[in-house]
Structure formats: C-alpha cells, structure tokens
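Asks: Provide a 3D model corresponding to the input given below.
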Amino acid sequence: MAAIFGTSATAVYIFFTRSLNEQLNHELLLLAQAAVPSLEIVKTTGLQGLKSNWGEKLPWHHFFEREQGLEWFDTKGKLLAKEGTTFPDFPLAKSLFSVALQEDSSNKLQHNGSLRRPYPKTARLENGLAVIEQQGYIRSLTVPVYIHNPNKKTLQLEGFIRASESAKEMEAALNQFQVGLELGGITALILSGITGLYLAQLAVEPVKQSFQRLKQFTADASHELRNPLTAISTTVEVMQSNLEEISPSEAKKLEIISSATAQLTNLVEDLLFLARTDAASAPDGLDGSPIPLDEVLEDVVERFELQAQSKGIEFQSHLQAGVIVKGDANQLLRLFSNLVENALKYTKTGGRVRLSLEKRRRFALVCVEDTGRGIPCEYLPFIFQRFWRVDQVRSRQKEGVGLGLAIAHAIVQRHNGKIKVSSKVGVGSCFRVYLPFGSS
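Replies: So this is what the prediction gives:
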C-alpha cells in the first residue's frame with residue numbers, strides 16, 4: 001500500500017513540476033517575442049529612446065511583471081540596455097553564437113530566385129533557437145533576433161534578447177505541493193491502516209468465536225467423560241479383586257480395559273487442565289505463595305528414582321537449597337514430572353538423566369538433561385504444540401498423546417517463566433526452565 005501511494009504521489013509531483021516549468025518557460029518566451037521589435041530602437045537610440053516609445057509601440061511592456069527583467073544585446077553579446085528588477089549575472093551562452101552563425105548561413109537558400117518565405121523588413125524570432133538557463137532562483141530565456149536583408153536575400157543576425165524571471169514563487173508552490181502530498185499520503189496510509197485493521201478484526205472475530213466454542217466444548221466433554229470413566233475404573237477394580245471367580249482370559253481382558261481406562265483418564269485430566277489454563281487470566285494474576293523449589297524437585301526425584309533403576313538408567317540430581325519461587329506447588333510438581341518422565345521415556349538402558357537446580361541472576365534455573373535419542377533441530381519449534389509428536393518417536397513409543405510438553409509450557413507461562421530446549425540427534429536433549437524468584 002505504501003509503495004502504491006508513493007509511486008502515485010511521485011508521478012503527480014513530476015507532472016505538476018513539469019507543468020509549472022513549462023508555464024514559466026512559456027511566459028518568458030512570450031515576453032521575449034513581444035520585445036523583439038524593440039531591439040532596433042535600443043540599438044538606435046538606447047534606453048531613453050525605448051522609454052519614449054513605451055505604450056502601444058512596445059507590446060512587451062504590457063507583459064512585463066514585477067519579478068521579471070529584459071536585456072538587449074548586440075551581435076557580439078555586448079549588453080546594450082536592460083529593464084526590470086530580475087537579472088542573471090552570467091554572460092550569454094556560447095552556444096547561441098554558433099547556432100546564430102549556422103542559421104545565418106542556412107537561410108541563404110533560395111527558391112525561384114527568392115527566399116522560400118517572404119519576410120518583411122522587421123526583426124523576427126526563429127523557432128527552436130531559444131536557450132534556457134537558470135542560476136539560483138533566476139531563470140532566463142535568450143533568443144537571437146534576425147532581420148530580413150532584401151539585397152542579399154538572407155536573414156541577418158540583429159542581436160539577442162534575454163528575458164528573466166524569478167522562480168521563487170514556483171519553488172514555493174512546489175514545496176507546498178510536496179508537503180501537501182506527504183501529509184495526504186500519511187493521512188491516507190493511516191486511514192487505510194485503520195480500515196484494514198478494522199476489517200481484519202471483523203474477519204477474525206468469527207474464527208475467534210469458533211475457537212472459543214471449540215475450547216469450551218473440549219472442557220465440557222472432558223468434564224462429562226470423567227464420570228463414566230470413573231464408573232468403568234471402579235467396576236474393573238471390583239472385578240479384579242475377585243480374580244478367583246473369572247477365567248485367566250477374562251482377567252487379561254480386564255487388565256487391558258484397566259490400562260485403557262487409566263490412559264483415557266489421564267488424557268481427560270490433561271485436557272481439563274489445558275482448558276482451565278486457557279480460561280484463566282493473564283499470568284500476572286496467578287495466585288501463588290512462596291515455594292521452596294528444591295523440595296518440589298526432591299519429590300520428583302523420589303517419584304521417578306525407582307522407575308529409572310528398573311530401566312537401568314542413571315538418575316542424577318544436584319539441587320541447590322534455599323531457592324524460593326512463587327506459584328502453585330502442584331503445577332510445578334506436574335511441570336517437572338512431565339519433563340523427567342519424557343527424559344526417562346526416550347532414554348535407553350545404560351543412559352543418564354540429570355536434574356539440577358541453581359540460581360541464575362534473577363531466576364531459578366532448572367535443567368533436565370538426558371542422553372536419549374534427541375530431537376531433530378527442524379522439529380524443535382513445534383514440540384510445545386498440543387498433540388504434536390515426532391512421527392519416528394510415535395512409531396516406537398505408543399504411550400502418551402503429545403500433551404506433556406504442551407502442559408509444561410502452559411505451566412511455565414502461568415508462572416511468568418521461560419522454557420528453552422536444545423537437542424542433538426543421537427546425543428540427547430536439555431530442557432531449561434527459568435522461574436523468577438519469590439519472597440522467602
């Protein structure tokens with residue numbers, strides 16, 4: 001849009017400038033043409049003779065204006081007289097003399113013993129020989145003047161007339177026009193931007209409402225699914241408590257049902273958590289209390305230590321004491337549990353997972369490092385999206401639905417923190433969580 005306005009304004013400015021220049025040149029040419037008959041008077045009687053003949057005999061006098069000037073020169077470029085208030089301080093252009101000589105010789109052509117066009121014995125102006133010059137704000141137009149020599153049947157150079165006029169008014173008009181174009185362009189851009197923003201909001205509003213309804217549906221559906229899942233889970237537990245009354249094949253089916261029910265329950269809880277997070281206010285509105293973060297991380301270590309041992313993974317922890325943050329302890333426990341669980345899930349037997357806590361300027365820095373398979377760099381921008389998983393990982397690992405990192409990211413944002421990840425395929429991954437300090 002700005003390019004279109006700029007191109008249009010430039011084109012208009014060029015056209016306006018050209019029109020004003022042509023108008024000024026035309027005025028000077030009219031003045032010079034009107035003053036042609038006066039050259040003979042100036043050469044004969046000088047400026048005094050010219051003034052005594054002012055009136056109808058000198059039509060140029062009627063064209064004369066306050067910011068103009070006229071100068072009369074002989075054939076050698078010597079100034080004979082001048083009248084007016086505006087004059088340049090440079091001599092006649094040398095090109096005038098060469099053009100005048102060529103014109104003088106070329107006009108000797110005859111047709112049937114006479115000139116092609118009969119001319120009276122008066123001074124005249126040849127078209128196309130005007131020379132336009134400008135010095136500062138003074139523009140000048142100089143023309144050679146010829147008389148008809150009936151004896152030699154030629155046009156003889158009589159002298160030169162230079163008409164000058166101040167271009168200050170034209171320059172001021174151009175400056176005002178340029179300012180007007182700039183202000184008009186800025187105003188048009190602002191109005192078009194406001195209009196575009198308004199139209200964009202109108203176009204996006206239905207999408208926002210649809211997305212809001214979708215989130216509400218997810219929250220409602222998740223909430224409604226909790227009751228039947230609880231009933232299924234309770235029924236399976238009752239049946240599993242009486243295994244002597246059922247066959248081994250039925251017991252195996254109950255185990256499959258119990259596992260699927262637990263997975264669905266976890267999914268519903270995750271969806272409910274994300275729905276509540278979306279519906280919550282800005283992160284600044286989190287109502288939290290000071291929490292010793294090292295104690296929260298010790299609970300994480302206790303929760304996953306046995307799991308790491310059973311998989312043959314070395315689980316290291318280095319937790320700096322006395323690190324206080326402000327927030328929700330349960331959410332923070334869930335955040336770091338998700339990260340450690342992911343690290344253990346994608347680390348092979350014999351690998352290592354390390355959980356560390358330290359102070360870093362104004363933040364508490366928690367790092368979860370592993371020696372797992374790693375994440376390709378092109379996938380790193382997407383790992384915190386909901387339900388997103390690397391296809392290669394999904395084919396090898398059936399557990400999980402891709403909400404763990406999305407939940408972790410939402411919790412970090414709720415606590416005014418930042419989460420960063422670095423990873424290399426075949427080497428491992430490192431998740432860094434920065435949480436601002438809270439009062440102790």
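
Asks: tell me who's in contact with E298.
Replies: S317, L319 (CB atoms under 8 Å, 6 or more residues apart in numbering). Backbone N, C-alpha and C define where each C-beta goes, glycine included.

Asks: that one sits in which helix or strand?
Replies: helix 293-310 (DSSP states H and E).

Asks: how far off centre is stretch 431-440?
Replies: The chain centre lies 35 Å from the centre of stretch 431-440; the measure is CA atoms, centre = their mean, to the nearest Å.

Asks: what segments of the stretch 201-350 of the chain are strands?
Replies: For the stretch 201-350 of the chain, the strands defined by DSSP state E, counting those that start in this stretch occupy 289-292, 314-319, 324-327.

Asks: turn the ones you listed into a markdown table, columns for distance to Q307, mean neighbour count and mean pLDDT.
Replies: Compiled in a markdown table, the strands of the stretch 201-350 of the chain are given as follows (distance: least, CB to CB, whole Å; neighbours: other CB atoms under 10 Å; pLDDT from 0 to 100):
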| stretch | distance to Q307 | mean neighbour count | mean pLDDT |
| --- | --- | --- | --- |
| strand 289-292 | 24 | 15 | 89 |
| strand 314-319 | 8 | 15 | 93 |
| strand 324-327 | 26 | 20 | 91 |
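
Asks: and the angle from the helix holding E298 to strand 314-319?
Replies: Orientation check (axes from the mean of the first three to the mean of the last three CA atoms, to 10 degrees): helix 293-310 against strand 314-319 gives 170 degrees.

Asks: next, the buried residues of helix 293-310.
Replies: Residues L293, D294, V296, L297, E298, V300, V301, F304, A308 are the ones in helix 293-310 that count as buried (16 or more other CB atoms under 10 Å).

Asks: ok, the fourth one - contacts?
Replies: Translated: L297. Contacts of L297 (CB under 8 Å, 6+ apart): S317, L319, F336, L355, L357, V366.

Asks: could you chop the chain up by domain?
Replies: Split into domains by automatic domain parsing, the chain comes to 2-166, 197-279, 285-436.

Asks: quick one: mean pLDDT for the first one?
Replies: Model confidence over domain 2-166, given as mean pLDDT, is 73.

Asks: which stretches in the stretch 251-400 of the chain count as helices?
Replies: Ranges of helices within the stretch 251-400 of the chain are 293-310, 329-345, 391-396, based on DSSP state H, counting those that start in this stretch.

Asks: how near is L202 to G69?
Replies: Per CB to CB, to the nearest Å, L202 is found 63 Å from G69.

Asks: more neighbours: these two, which one.
Replies: Taking other CB atoms under 10 Å, L202 and G69 do not tie; G69 has more neighbours (21 against 9).

Asks: my guess is that one meets E83, correct?
Replies: Yes: between G69 and E83 there is a contact under CB atoms under 8 Å: 7.0 Å.
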